[in-house]
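Asks: 3D, please:
(2 chains)
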Amino acid sequence: MGTALDHPLVAGYLRELDSALAGLSPGAAAELSEQLRAHLLEALPDAADDESVREVLAALGPATLVARAAAEPGSGQAGQAGQAGIRQPLLRRAVTGARRVPRRMWLSLAALAIVVGVPAGTLIYWQTQPGVTWTGSFAWWSPVDSAHSIQTEADGAIQDTIPLRPGQIQGFAVFVYNPSDMSVRILGASLDSISPGAPVPPQIAVSVTGSVQLGGEPHVVAYQVGGVMPPHSYRWLRVLWRSYQCYLEGPGGSQGVDRLTLQVKVGWITRTEAVPLGSEAAVSPMTKWPDWCNSHQPQP
Amino acid sequence: MPGMGDRSETTELRRGVLGPCVLALLAERPRFGLELVRDLSRADGLLTSEGTVYPLLNRLRDNGLVTSRWSHQDEARPRRYYSITDLGREYLGAFRAEWSAFAAAVDAVLHAGPPESGRQAAPRRPAGGAMRWARH
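Replies: Alright, predicted model coming up:
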């Protein structure tokens, strides 16, 4: 005597099932087929009548529906029950979750990463470029000042001092190096400590050519205000200001600057850089009160 | 209302809760396939196709929530018994807590609303004013 599996309706159902399970891996298909055969054997007596068989098969559901539930995780009646919230190994959950994210979402995320990441990376790149450095060459700009400059040394510090000439242009030039991979535009300089109270900010200019040699003559090259230092280039920076203050020798002593504070533009960002000069460039008080001071400054 | 004709909401809901219901039955005692299916079928509306329980069981097994073993006490009818694992019990406990809160929240919304006497007319937006319930 045969089993319920030999019943023509059951045999037909199982053939349909095996065909529907063809899309699964052989192991998964065999396991599911075995489970359903066991189900049918348990549910039907060996000599089941057609009505009983039809009833059991109807309750079991179409073979294609069962196969679909097995083939599509997350679909089918039972599909999602084992998914949402069920703890899986971390890597497996990550992979499963990633596969569930629609492709459009991935494209959006990629676009967002590009839109945010590229500018952010560029800004960081600009911001981390090394600043301008002083090479060690310094020159007073005006021959008058050069002729009257005095170098003094105290406690290991060198001070290069020129006399204050109120109302007149004074300045210096420093030879600097741009070690960065970016062009650097020199926008301005702060010299409050050497020319305090000046109504006009100091003017800073960059030598146009890079042909000048270290220690060369800064006066023989042309300058451009707001000029640019190409990457890995040497340039003279010329800083000029109109001395505005009037003060005689006294407790205040000389006023100077031992670092040049620059405003520079790297890429699209503007930043401040302090360039140590190694020695202090200073102006010394007046020895007499000039006429210019009578019209611009109250005599002390 | 779009989507209401095929009762897709109920279908989706059933899909979501069937796994925890299987675990709840197995938490009582191990069951073989047909026994489990019959017990699930007693819950009205929970199971529409018995055959889909088996892919679910395999998935629960793959996720470490269920184990199974074959019993050949009856050579003609070998039975595959399914048991819940410790991980399955942990998951079931978490789901029960979440489900209670979720079901209470849904109940509160579904059964809330104005008294029947106040719901005779559809709400209308008065010209130039805020929406109000029309009472008669």
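
Asks: C-alpha only now, for contacts and for neighbours.
Replies: OK.

Asks: host element of the closest residue in space to residue A:228 that isn't next to it in sequence?
Replies: Distance criterion CA to CA, 6 or more residues apart in numbering or on different chains; nearest residue to residue A:228, sequence neighbours excluded, is residue A:185 at 4.2 Å. Applying DSSP states H and E as the criterion places residue A:185 in strand A:184-190.

Asks: list the contacts of residue A:288.
Replies: Contacts for residue A:288 were tallied using CA atoms under 8 Å, 6 or more residues apart in numbering or on different chains; they are residue A:248.

Asks: now it: phi and psi?
Replies: Per-residue torsions, residue A:288: phi -140, psi 160 (degrees, to the nearest 10).

Asks: partner residues bridging the residue nearest to residue A:270 when sequence neighbours are not counted?
Replies: Distances taken as CA to CA, 6+ apart place residue A:264 nearest to residue A:270, at 5.6 Å, with adjacent residues excluded. Assessed by DSSP bridges, residue A:264 has beta-bridge partners residue A:186, residue A:271.

Asks: what sits against residue A:264?
Replies: Applying CA under 8 Å, 6+ apart to residue A:264 gives the contacts A:184-188, A:270-273.

Asks: what's the neighbour count on residue B:65?
Replies: Using other CA atoms under 10 Å in any protein chain shown, residue B:65 has 26 other residues around it.

Asks: and the residue nearest to residue A:270, how far from chain B?
Replies: Residue A:264 sits 58 Å away from chain B, going by CA to the nearest CA, to the nearest Å.

Asks: got it, and residue A:286?
Replies: Remark: distance between residue A:286 and chain B (CA to the nearest CA) = 80 Å.

Asks: show the contacting residues for that residue.
Replies: Residue A:286 touches A:163-165, A:246-249, counting by CA under 8 Å, 6+ apart.

Asks: quick one: the strands in chain B?
Replies: With DSSP state E, the ranges of strands along chain B come out as B:31-32, B:66-71, B:79-84.

Asks: got those strands as JSON lines, with distance to chain A columns?
Replies: Shown next, in JSON lines, are these (distance: least, CA to the nearest CA, whole Å):
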{"stretch": "strand B:31-32", "distance to chain A": "9"}
{"stretch": "strand B:66-71", "distance to chain A": "10"}
{"stretch": "strand B:79-84", "distance to chain A": "7"}
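
Asks: what is the neighbour count of residue A:108?
Replies: Neighbourhood size, residue A:108 [other CA under 10 Å]: 12.

Asks: in what helix or strand does it lie?
Replies: helix A:103-127.

Asks: in chain A, which spans are helices?
Replies: A:8-20, A:26-43, A:50-60, A:63-71, A:90-100, A:103-127, A:143-148, A:291-296 (DSSP state H).

Asks: hey, least reliable of these by pLDDT?
Replies: Lowest mean pLDDT within the helices of chain A: helix A:90-100, a mean of 59.

Asks: where in chain B is pLDDT low?
Replies: Applying pLDDT under 70 to chain B flags residues B:1-8, B:113-136.

Asks: so which residue is dead centre in it?
Replies: residue B:17 (2.8 Å; CA atoms, centre = their mean).
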